[in-house]
Structures are given as structure tokens and as C-alpha cells.
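> Below are the sequence and a predicted model for it; my questions follow.
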There are 2 protein chains.
Amino acid sequence: MHAADLIQSAIDRNRSIACVGLDPRPNLIPPTLVADSLHRLGDTAEAVADAFLTYNRGLIHAATNACAAVKLQLACYEAYGAPGYACFTETVKYARDRNVPVIADGKRNDIGSTAEHYAQAFLTAAPGLSGRALPGTGCDWLTVNPYLGADGITPFIDRHPSATGIFVLVRTSNASSGDIQDVALAAGGTVAERMARLVAGWASGRLGKSGLSSVGAVVGATHPAQAKNLRTLMPDCMFLVPGYGAQGGSAADALAGVRADGRGILVNSSRALLGAWQKPEYSGLNWKDAARAALDAMNKDLEAAGGVPARAADI
Amino acid sequence: MHAADLIQSAIDRNRSIACVGLDPRPNLIPPTLVADSLHRLGDTAEAVADAFLTYNRGLIHAATNACAAVKLQLACYEAYGAPGYACFTETVKYARDRNVPVIADGKRNDIGSTAEHYAQAFLTAAPGLSGRALPGTGCDWLTVNPYLGADGITPFIDRHPSATGIFVLVRTSNASSGDIQDVALAAGGTVAERMARLVAGWASGRLGKSGLSSVGAVVGATHPAQAKNLRTLMPDCMFLVPGYGAQGGSAADALAGVRADGRGILVNSSRALLGAWQKPEYSGLNWKDAARAALDAMNKDLEAAGGVPARAADI
């Protein structure tokens, strides 16, 4: 299925535009899981990866019919070397087996054949020593940093069908993103707007039945006025929206760039869901139910702000 | 030792400003190694990682006293999942055991605690489930993409001593880098120049005895006039220079940004060294000797262009 249709069909099926950020950290893992992994594997990277995997599986199980996608933050896994990487791969497999779309949040960037290797790592497959393709991790989408220009983007899209997609960083949610992204250009507009025009070009001609492209954009919830403007520049792009909740963006802010047809927004939340078991309001629940309760609250908040469109024709 | 002094002392010791790019790919591995790994491990990612590791060790052994550093392109390893990641870690260990400075070329980028996880993955150490630090991969430098602004840079430098460093992408060597990096700003100058001024600010106050900072910059050999200009903006930065050889940059181009004291340039080459055994001019040599011969030729070429300074006082 087309990568954008894959997410849109999960949105339609589950009535949710929420993306569950699987960004595990030791201090977010419930003590029972910590104790079990430490007991079996000692104070090792393998133990961390083991605890992360158990936690991720529980979260995915809890969220399967109430989210649009999961997003794995690569840094959280890479910090634990090869065992962390194996945990990443196993988590992706678990989600895909349950028909949950998977976004690898790696913000990868390089050129030519090197970018092609990143595409192999996350979206396609690398050649073995015999030249035959080996099994890949099989993510559906990858986040990509566009500072290198077209040479850093086309290897992710030109040799691959739209069954996989990329979200290109355009306007990030962090405070200092304006250091570069907001800088005014001699020709008018800002760096982020220039980037948006490039992204719109890459996105064109890659539309699925949903009317959305397999080239999307990262547009933070912390700049709602800019998101509205960026939508006019990138009409066909799914926006992956960080910055909701913890970073201060409201549901209305997160939805600022929504299309007229109600589509094109995917709102990420990580810590509020992963750390729900630590919050007083969910103290009566086990960690899986706490995460689901927090996700239900997020879906409700987004729905109240108009974030879940009336059911459209099936894709 | 200060990260810049570590490289400068290797430059002084080995009379070389060459950085050996360890970017292994199946089609660059000699047939004897391919056959051996396939025989023992089958057509798997483990076999690729096994062949890569043998090849890397041989190359490092051949280059130890004739280069300034090695640079590992993360994409080449990530393409083979957890086994590839383990090969990366083992290669880093082998180089460090031989006192060869190691640059992880990951072009990583994220903000806050997520950037901190990337720092843990490559430069420092991540906490285990008990909170105690686990052993890290222990690279000396990491390449970083600055599109997210200061929030994406400070986590790599503020919590860590200058024993590790970062090379920030400023002006890359690829053809389309101008899509963003050359764009003219309303306030004058280009995006790359704006980035250079930010990098100069991050670099200040982090100088080693070599007079170079633990914050360096990636400045491609394919834009020599810009490199000269960027040197005036970033006087204290080591320039990591891609684009020599294969991408068309000459030795003189690669050295365009050299400082008045002859320091501040590290020139990368990958394919010309890794694939030397495939070239007619080295057909009488085994793959290790072919790589060394190609490295010697590179050193000679750079020296003829004035690239190796007179021996300075020891650091």
C-alpha cells in the first residue's frame, strides 16, 4: 500500500491522528520490568534493550486500535549499541505484525550511495555478500534532514516505490530552530519556506488514494501561524507534528496546518504516554492501561479540536 | 587529551593530514574475504559484518602510522542492522587500541535529551538500568547536522569535556548542497556563512594546545573559494574536508581553507583507498598493501600542495 494511504487508513480505522512516540529511556521503564531484566541479564546494554522491548511491546499492544502510527526515536536505541539496535528491529517487527504503521525517527541525512545505505537500513534492504537482498528492518517512513539539498533526498525516494515514505524536517518544534529556519532570505521568505517549496516539489507526483504524498514534512506544533502558511506551500504533504503537550503546543496548535478536507496531520506524543504510569492521575492503573488512558485522553483532546475527520470513503 | 590535539598529534607524528574513510560495501571487499565469510556464516547480515570487520582491521593496520584519523560512515554499518552496529563498535575499538583517532560520520541531529542520547551512543556513555554508566563506543568525534540550531548542538558539547569533539556540517561537497547552503540572506551572506558564524561561536573557548577547537566544521573540497572565506569566519575550527579525489576536489582545493600556521585541515578519502586493490596500478599488491600504497600516494599529493606543516613543538 502507498505509505500515506497506510497511515490514512489507520487514522480512518482507529479514529485517531495520534502517533505514539516509542522513545524509551531507563527512567521511563516500570520498576517491575527493570528488576526482571536486571535479574536475568545484569547491569548491561542487553538488559536495557530487553526492558525496552518488553515495554514497547506492551505499549504497542495497548495502542494498536487507538493510534495512527508509532514513531521510534533512533537515538534512544543507538545509545545501547548493537543490543539497542536489535531491540529497535524487534519493536518494528512487532508493530508491523499488528498492522501499525512505523516511522523511524532518525533524521538521517547524507548523499548519493551513502543516503542509499540509510534507505536500505530503514526502508528497503541491503545487499548481502552474494548480491542478493537481505531482510531489512521494514519501517514504513523515515524522518530525513534536508540541509544537504536534493542529493540528500532523492536517494530516499527515486529508487523506491511510494510504499515507503519520508518526512523531511521543515520547521522543527524546538526553541532555537529559528537560528537557521526563520532566517530571512534576500529573495523573500525564510529558510523554512524555501525548504517547504523544495519539499513540495519532491512530494508532487507521489500521491496516494488519500490525496497525500509519500513525501511528508515535519512541522512543529509550537509555530501554528507558520504551520498554516507552510500548508499553503505544501498542500499534498502529511505533516508529522512534534511539540504537542510537553513542548507547549495545544491541540489547536497541532492542528493549525490541517487541510480543508481534514487530512494531513499526524500528532506525535512520547513522554506523556510512556511516562503515564508515573502520573498521579493514573496511579490506580498498570503501566499498559495507564499508557492507553493517556492515549485516549490525547485522542479526545485532538478530536475536540476538530482533529479527527468525518469518516471518508475507505482507501 | 583534547579532541583537536588528539588529531593534531597524529598529524605531527605521522606527517599526514589524511583521514581514512572506512565506508565498507560488499562490492569493495576482496573476494577471498567474501568467500571466507560466506562459507562460515552464509548469506546473512552477520557475514557482511564479519567481512567488513576483517577488512577494516586490515586497513587500519596498514594505515596506522600514515594517517591522521579514520572516519566511519554510519550508514554503511546501519544498513546491516545489529550485526553491522557490532562491527562498527569493534572497528572503533580496534582503531583506538592502536591510538588512531576515530570520527563517527553519522551527521546526527536532534534536540535536548534526544541529542544527548546520540552523544551517549558515540562520544560518552548511556546509563544502564541501575543508573550506572555502561561502556560506550568511545569515538573521538561525531559529525553533526545543524539544521535544528543551537538546541541540536549544545547537548553534544555542553555536558562533555573537550576530550570529544563534533564536526558541524557547514558547506558540504555535493552538487546540490547549494539548494539551501548557498541561498542569499536578506541580512547579507549565505546560509552557510550564517552557519559558520554560529559554529565559530560554539567553537570559541574550547581550544586545545594545538590552537584548534573541539568544535570543527565540515567544509567540502569542491568549493575552494568558499573554504577560504569560511576560514576567516571560523579561525579556530578543524575543517573535515570531503570531496577530495572521487568528487573532483584537488589537493590544492582541499587545502584552500588551511590556516596561516598550516593547521586546521583534515582531508578524507574513502573509495580510492578501500577500492585500491581493484585498480590496475596496484594489481601486483595484496589488498592491504594496495590500500597503503594509495594512502601513501594521497599523502604525497597533499604534501606537494603544502598540506603537511613543518613539525611544530610537540603537543
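Cool, got the structure. Just so it is clear, the model here is predicted, and its values are computed rather than measured. Numbering: from 1, shown residues only, chains lettered A, B, ... in the order given.
> Give me the neighbour count for A:Gly42.
When neighbours are counted by other C-beta atoms under 10 Å in any protein chain shown, A:Gly42 registers 12. For the C-beta atoms, the positions are set from N, CA and C on the backbone; glycine is no exception.
> list the contacts for it?
Residues near A:Gly42 by C-beta atoms under 8 Å, 6 or more residues apart in numbering or on different chains: none.
> immediately after the helix or strand where A:Val92 lies, which helix or strand?
Here A:Val92 sits within helix A:81-97, counting by DSSP states H and E. Where DSSP H and E defines the elements, the next helix or strand beyond helix A:81-97 is strand A:102-108.
> Tell me which other helices or strands that following strand touches.
Here strand A:102-108 touches strand A:69-73, helix A:74-78, helix A:81-97, helix A:112-122, strand A:141-144, going by 3 or more C-beta pairs under 8 Å, 6 or more residues apart in numbering or on different chains; DSSP states H and E.
> Would you mark the buried spots in the third one?
Spelled out, that is helix A:81-97. Residues of helix A:81-97 classed as buried under the neighbour-count rule (16 or more other C-beta atoms under 10 Å in any protein chain shown) are A:81-92, A:94-96.
> for the last one, same thing?
When burial is assessed from 16+ other C-beta under 10 Å, strand A:141-144 yields the following buried residues: A:Trp141, A:Leu142, A:Thr143, A:Val144.
> out of these, who's nearest chain B?
A:Thr143 (9.6 Å; C-beta to the nearest C-beta).
> can I assume the closest one is in contact with A:Asp105?
Yes. The pair A:Thr143 / A:Asp105 is scored as a contact, 4.9 Å apart, by C-beta atoms under 8 Å.
> List the contacts of the spatially most central residue of chain A.
Central residue of chain A (C-alpha atoms, centre = their mean): A:Lys71, 3.7 Å from the mean position. With contact set as C-beta under 8 Å, 6+ apart, A:Lys71 has these partners: A:Cys19, A:Val20, A:Gly21, A:Leu22, A:Val102, A:Ile103, A:Ala104, A:Asp105, A:Leu240, A:Asn268, A:Ser270.
> Kindly indicate which of the residues you listed lies nearest A:Ser113.
Among the contacts of A:Lys71, A:Ala104 lies closest to A:Ser113 (C-beta to C-beta), at 19.6 Å.
> what pairs with A:Val219 across the strands?
Judged by DSSP bridges, the bridge partners of A:Val219 are A:Arg171.
> Wait, it touches A:Met238, no?
No. The pair A:Val219 and A:Met238 fails to qualify as a contact (C-beta under 8 Å) at a distance of 10.0 Å.
> the helices in chain A, which residues?
With DSSP state H applied, chain A shows helices at A:3-14, A:31-41, A:45-63, A:74-78, A:81-97, A:112-122, A:154-157, A:178-181, A:191-203, A:224-233, A:251-254, A:271-274, A:287-304, listed in chain order.
> Redo those as CSV? Include distance to chain B and mean pLDDT.
Converted to CSV, the helices of chain A look like this (distance: least, C-beta to the nearest C-beta, whole Å; pLDDT from 0 to 100):
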stretch, distance to chain B, mean pLDDT
helix A:3-14, 20, 97
helix A:31-41, 5, 98
helix A:45-63, 5, 98
helix A:74-78, 4, 98
helix A:81-97, 4, 98
helix A:112-122, 4, 95
helix A:154-157, 9, 94
helix A:178-181, 3, 88
helix A:191-203, 6, 96
helix A:224-233, 15, 96
helix A:251-254, 18, 96
helix A:271-274, 9, 96
helix A:287-304, 15, 97
